[in-house]
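J.: got a predicted structure plus its sequence, pasted below:
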Amino acid sequence: MSMLFSPLQIGNFTLENRITVAPMCQYSAVEGSMTDWHMMHLGSMALSGASMLVIEATGVLPEGRITPQCTGLYSDANEEAMARVIKAVRNVSPIVLGIQLGHAGRKASAHRPWNGRGPLKTGEGAWMTQAPSAVSLAADWPVPHALSVQEMDRIKQACVAAVKRAARLGLDFVEMHSTHGYLFSEFLSLLANKRSDEYGGSLANRMRWPLEVFRAMREAWPADKFIGAKISGSDFAGGGWTPDDAVVYAGELRKAGAAYVTVSGGGVVLDAKVPTGPGYQVPFAERVKREAGITTGAVGLITDPQQAEDILTSGKADFISLARAMLFNPRWPQHAAVTLNADAKYPPQYERAAPKAWPPGKTLGKIAL
Ligand SMILES: Cc1cc2nc3c(=O)[nH]c(=O)nc-3n(C[C@H](O)[C@H](O)[C@H](O)COP(=O)(O)O)c2cc1C
């Protein structure tokens, strides 16, 4: 019996397996609104046999988008465009579907990866970025505007408004983007938060605003649906966020009504030493799951079915979140089921692709039928 292909209860929802698709920016929106690309991309992910799909980091305000091509959920036009995509996905797949909401903070106003990732310049549509403190991401990045408490409140209200739009769109869950050096993780990290008010200094102070926002989002979200967060296990940089901090924060999120956290990391500073390798962030998930007692997802170079299975059976996480592996092979869950001798769901139109349905005595690549 494969654990990867066993069900998992999150809130009122039952995931039919423990393979989830991580949020992945597509940098293909127009003024924050989804396009045909999103329909094809999310449609492809939704047919993969994964049980849960997180829509990409979506800005709650125009200036909260990472790039001008990132999705937003701040206008009626954004909501209408997303409704079209969600309707199409719902029409072809029963996948549990949610959205990651966030604000890019001092990493906003950037070029998309295939245009070099760096900060936009004047004349390229650059806008003033915002952060807990007027400290730039790196020497060649602009100094952000340090948010006043009033401005923080406006962002909180924008998060609430986006959550209400997500509810109207009939999504199953929302995820707060609280990692990778974007606004909420900037507040959490001493490397970006140099404030001397009640939102800076001690861990309790640095967590105060992200938790206030999370509680407001939870309150605005239907009680029968779930809400989670993607958090950092580490900044991978001296003087920054640590696994100990992640355990405390995850515990507070649980108390605030989070049904799950996925534990990622990095991104607060550009000179972090990230020890990338297979499952490099799994030890953070393991600690959070054990010590914060919350349903926990592991993410980061999980690419192999047996590796995913072992993470679950050794109790290091409750579910697996896959990003690059799903882009490389959108049939990853169905292929993993073959490797682990389990059953994956296929859309009826694709059922004849399941090797079990093929005539015996043949091979396809390494798979004996
Ligand atoms: C194309 C791409 C876009 C991404 N966009 C997001 C995003 O919108 N939100 C997020 O939390 N992480 C994002 N990530 C990070 C992934 O969700 C994941 O945490 C990271 O890639 C490690 O997992 P992997 O090794 O399975 O790719 C993105 C990754 C990729 C490859």
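T.: Now that the structure is in, tell me what you want to look at.
J.: how about the residues of the stretch 1-150 of the chain by the ligand?
T.: By CB under 6 Å from any ligand atom, the residues of the stretch 1-150 of the chain that approach the ligand are 22-25, 56-57, 100. Where you see a C-beta, it was placed from the backbone N, CA and C, and this is true even at glycine.
J.: what confidence value was assigned to the closest residue to the ligand within the stretch 51-200 of the chain?
T.: Closest to the ligand within the stretch 51-200 of the chain is Ala57: 3.3 Å, counting by CB to the nearest ligand atom. With respect to pLDDT, Ala57 scores 98.
J.: on the three-state scheme, it is what?
T.: Assigned by DSSP: H, G, I helix; E, B strand; the rest coil, the conformation of Ala57 is strand.
J.: my read: it touches Gly105, true?
T.: No - using CB atoms under 8 Å, Ala57 is not in contact with Gly105, being 11.7 Å away.
J.: between those two, what contacts are shared?
T.: Common contacts of Ala57 and Gly105, defined by CB atoms under 8 Å, 6 or more residues apart in numbering, comprise Tyr182.
J.: which strand or helix spans Tyr280?
T.: Here Tyr280 sits in a region with no helix or strand, counting by DSSP states H and E.
J.: wait, I meant Glu291
T.: If you go by DSSP H and E, Glu291 is part of helix 282-292.
J.: and the host helix or strand of Ala81, average pLDDT?
T.: Using DSSP H and E, Ala81 maps to helix 76-92. Helix 76-92 shows an average pLDDT of 98 in the prediction.
J.: now stretch 359-369
T.: For stretch 359-369, the mean pLDDT works out to 66.
J.: circling back: now for the helix holding Ala81, which elements pack on it?
T.: helix 36-46, strand 96-102, helix 149-168 (3 or more CB pairs under 8 Å, 6 or more residues apart in numbering; DSSP states H and E).
J.: if you compare those, which one is most tucked away?
T.: Highest mean neighbour count among those (mean count of other CB atoms under 10 Å): strand 96-102, with a mean of 25.
J.: got a list of contacts for it?
T.: Contacts of strand 96-102 (CB under 8 Å, 6+ apart): 10, 13, 15, 23, 46, 51-60, 64, 73, 86, 89-90, 159, 162-163, 166, 171-178, 182-184, 217, 228, 230.
J.: need the contact list for Cys25.
T.: 56-57, 66-67, 70-71.
J.: tell me which helix or strand it sits in.
T.: Assigned by DSSP H and E, Cys25 belongs to no helix or strand.
J.: now do Asp235
T.: Under the assignment given by DSSP H and E, Asp235 is not contained in any helix or strand.
J.: same check, this time on the one 3 residues further on
T.: Secondary-structure element containing Gly238, defined by DSSP H and E: none, the residue being outside all helices and strands.
J.: ok so, going back, could you dump the helices and strands packed on helix 76-92 to TSV with mean pLDDT?
T.: Shown next, in TSV, are the helices and strands packed on helix 76-92 (pLDDT from 0 to 100):
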stretch	mean pLDDT
helix 36-46	98
strand 96-102	98
helix 149-168	98
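J.: count the residues that sit near the residue lying closest to Lys194 once chain neighbours are set aside.
T.: Nearest residue to Lys194, sequence neighbours excluded (CB to CB, 6 or more residues apart in numbering): Ser133, at 4.1 Å. Look at Ser133: counted by other CB atoms under 10 Å, it has 18 neighbours.
J.: pretty sure Ser133 is touching Asn193, no?
T.: Yes - between Ser133 and Asn193 there is a contact under CB under 8 Å: 6.0 Å.
J.: what sits in contact with each of the two?
T.: Gly200.
J.: now do the contacts for Gly266.
T.: Taking CB under 8 Å, 6+ apart as the criterion, Gly266 is in contact with 179-181, 232, 234-236, 272, 274.
J.: most neighbours among the residues you listed, please name it.
T.: Ser232 (29 neighbours).
J.: could I get the contacts of Gly266 as CSV with distance to Arg331?
T.: Listed next are the contacts of Gly266 as CSV, based on distance: CB to CB, whole Å:
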residue, distance to Arg331
Thr179, 28
His180, 27
Gly181, 32
Ser232, 30
Ser234, 32
Asp235, 35
Phe236, 32
Ala272, 33
Val274, 29
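J.: quick check, nearest of those residues to Asp224?
T.: Checking those against Asp224 with CB to CB, the nearest one is Thr179 at 26.8 Å.
J.: sorry, back to before: out of the residues of the stretch 1-150 of the chain next to the ligand, who has the most neighbours?
T.: Going by other CB under 10 Å, Ala22 tops those with 26 neighbours.
J.: could you check the pLDDT of that residue?
T.: pLDDT, Ala22: 98.
J.: got it, and the one 10 residues further on?
T.: pLDDT recorded at Gly32 is 98.
J.: which SSE is Arg254 in?
T.: Using DSSP H and E, the element containing Arg254 is helix 243-255.
J.: check which helices and strands that helix sits against.
T.: helix 203-220, strand 226-232, strand 260-264, helix 282-292.
J.: how about the ones you listed in TSV, adding mean pLDDT and distance to the ligand?
T.: TSV is the format used below for those (pLDDT from 0 to 100; distance: least, CB to the nearest ligand atom, whole Å):
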stretch	mean pLDDT	distance to the ligand
helix 203-220	98	15
strand 226-232	98	5
strand 260-264	98	5
helix 282-292	98	11
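J.: mind putting those into TSV with distance to Leu301?
T.: Shown next, in TSV, are those (distance: least, CB to CB, whole Å):
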stretch	distance to Leu301
helix 203-220	26
strand 226-232	16
strand 260-264	11
helix 282-292	9
